[in-house]
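**Student:** Can you look at this prediction? I've put the sequence above it.
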Amino acid sequence: MRVHFIAIGGSAMHNLAIALHNKGYEVSGSDDEIFEPSRGRLQKYGLLPGTIGWDVSRISSRLDAVILGMHAKSDNPELLRAKELGLKIFSYPEYLYEQSKDKKRVVIGGSHGKTTITAMILHVLRMADVDCDYMVGAQLEGFEVMVRLSKEAGIMIIEGDEYLTSPIDKRPKFHLYKPDIALLSGVAWDHINVFPTFDNYVEQFREFIRLITANGTLIYCADDEILRQICHGSRNDIKLIPYSAPEYFISDGISSLINNGKAYPLMVFGRHNLMNLNGALWICRELGVSDEVFLESIRSFKGASKRLEFVAGNSSVTVFKDFAHAPSKVKATLHAVKEQYPSKHIVTCLELHTYSSLSKEFLTHYLHSLDEADLPMVYFNPHAIELKRLPPITKEQVKEGFGNSRLEVLTDSKELSKRLLGINWNNSVLLLMSSGNYDGLDLSALSGEIIKKAAG
């Protein structure tokens, strides 16, 4: 099979390219920009394009398929040439389905927790020697790539994103997978540039439920009121399984799950993570993994990249980073840190980076989300708002949206770094939350300086 990727440098796209290369396909690709880590990983597998930019000569009738990434535009010259030649053109999720249509498909959806739940499932299945293919939205410890496609595995675990499929297909990605087993972790309005109303956003999850295969299974978080409404009685030809957080306790900074009177110390923490764990437990039950094997295996799970990820620490200060940007996830992540470290001074800095978070109308959804922090901070870059072609927002509007008189708002990454280094970090935790990178701030280096300063 000869497959060409238009916009091969994307996070998901380059992983799919590597997966097909590992499967024995002949893979080529193009992009107008490729950054790390995609660049280095494509180079490692001999898949890095020789030149940057679009080149119609790469598109010929000898190709079996063209895979189109979200980064490309609908008038992309390579895409237009592929259409002229009548080639098979797939979006990223369409091709994942094509590769998994003869397998049992397990799809993890929801506004938050998808990556963590998917990562937990993959961790346990690996420990239990259950062979599976997968697609997950973050780099996982012990897994070289974020996508695996094989001829042998009878199961495909897919993280199901609700964002758009491709420049020429405006369906949400998770509508294309047609799960046999589905999980929904929660619904909290996001991607307002695509789903302009809450009802429109919720409808995407209703449609996802309609697309579960007959006699399939839907596992959903019963703590989420919206999910209870749209899942309960939604279909009479599928099995419905609600879940919630398991019983747990915290002692000496370690969270332990309780099952049948036995305590299982964990390396992750926070009620939302324990809820994610219970969702993963139900998926693994449906795949034939015993509770005992699951619980023993999950003890060694350290978390997915940027999901309450430990960055650095000493006896005085601990630094975590998290992908949180949606209001509900911001609040849940901060609460988890406060619950885990009740006697410590909690400093948190949230970067507003997404279309939703940088929208003046959406800011009110963050009301009181940072109230549990002893020192709450918000960072945003006005230039990022310009690039997204959104109306400007002010520091005052941000403060009003969060409803917190103690909130500090910064708009310059150098000033942010200076402010963080000026804090007394004795007996403290720093929580950095962002789906971006604070405009290139080296978080590892900054954390190292904070640790050094705290050490005295």
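**Tutor:** That came in fine, so what should we check first? Residues are numbered from 1 along each chain as shown.

**Student:** Near residue 1, how many other residues are there?
**Tutor:** 11 (other C-beta atoms under 10 Å). All C-beta spots, glycine's among them, are computed from the backbone N, C-alpha and C.

**Student:** pretty sure it is touching residue 62, no?
**Tutor:** No. Counting by C-beta atoms under 8 Å, residue 1 sits too far from residue 62 to count as a contact (11.1 Å).

**Student:** All the helices of the stretch 351-456 of the chain, residue numbers only.
**Tutor:** With DSSP state H, counting those that start in this stretch as the criterion, the stretch 351-456 of the chain has helices at 382-387, 395-402, 413-421, 443-455.

**Student:** Residue 316: which of these is closest?
**Tutor:** Distance to residue 316, taken as C-beta to C-beta, is lowest for helix 443-455 among the helices of the stretch 351-456 of the chain, at 3.9 Å.

**Student:** what's the angle between the closest one and helix 413-421?
**Tutor:** Interaxial angle, helix 443-455 versus helix 413-421 (axes from the mean of the first three to the mean of the last three C-alpha atoms, to 10 degrees): 30 degrees.

**Student:** Give me the contact list for helix 443-455.
**Tutor:** 311-314, 316-317, 319, 321, 417, 420-421, 425-426, 428, 430, 432, 437 (C-beta atoms under 8 Å, 6 or more residues apart in numbering).

**Student:** For ChimeraX, what selects the buried ones among these?
**Tutor:** Selecting only the buried entries of the contacts of helix 443-455 in ChimeraX, with 16 or more other C-beta atoms under 10 Å as the criterion:
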select :311,312,313,316,317,319,321,417,420,425,428,430,432
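
**Student:** Which of the contacts of helix 443-455 fall within strands?
**Tutor:** 311, 312, 313, 317, 319, 321, 428, 430, 432 (DSSP state E).

**Student:** any idea how far the second one is from residue 319?
**Tutor:** Computed with C-beta to C-beta, to the nearest Å, the distance linking residue 312 and residue 319 is 5 Å.

**Student:** With the first one instead?
**Tutor:** Distance from residue 311 to residue 319, counting by C-beta to C-beta: 4 Å.

**Student:** do the third one as well
**Tutor:** Here residue 313 is placed at a distance of 6 Å from residue 319 (C-beta to C-beta).

**Student:** Same check on the last one?
**Tutor:** With distances defined as C-beta to C-beta, the gap from residue 432 to residue 319 amounts to 7 Å.

**Student:** Give me the common contacts of those two.
**Tutor:** residue 311.

**Student:** which residue sits closest to residue 132, ignoring its sequence neighbours?
**Tutor:** Nearest residue to residue 132 in three dimensions, chain neighbours excluded: residue 155, at 4.1 Å (C-beta to C-beta, 6 or more residues apart in numbering).

**Student:** try residue 152
**Tutor:** residue 131 (6.3 Å).

**Student:** how does this structure divide into domains?
**Tutor:** Residue ranges of the domains in the chain are recorded as 2-87, 95-298, 309-455, according to automatic domain parsing.

**Student:** On the pLDDT front, check the residue nearest the centre of the chain for me.
**Tutor:** The centroid of the chain falls nearest to residue 115 when counting by C-alpha atoms, centre = their mean (4.7 Å). pLDDT for residue 115: 93.

**Student:** In contact with it, which residues?
**Tutor:** 136, 137, 138, 159, 304, 307, 323.
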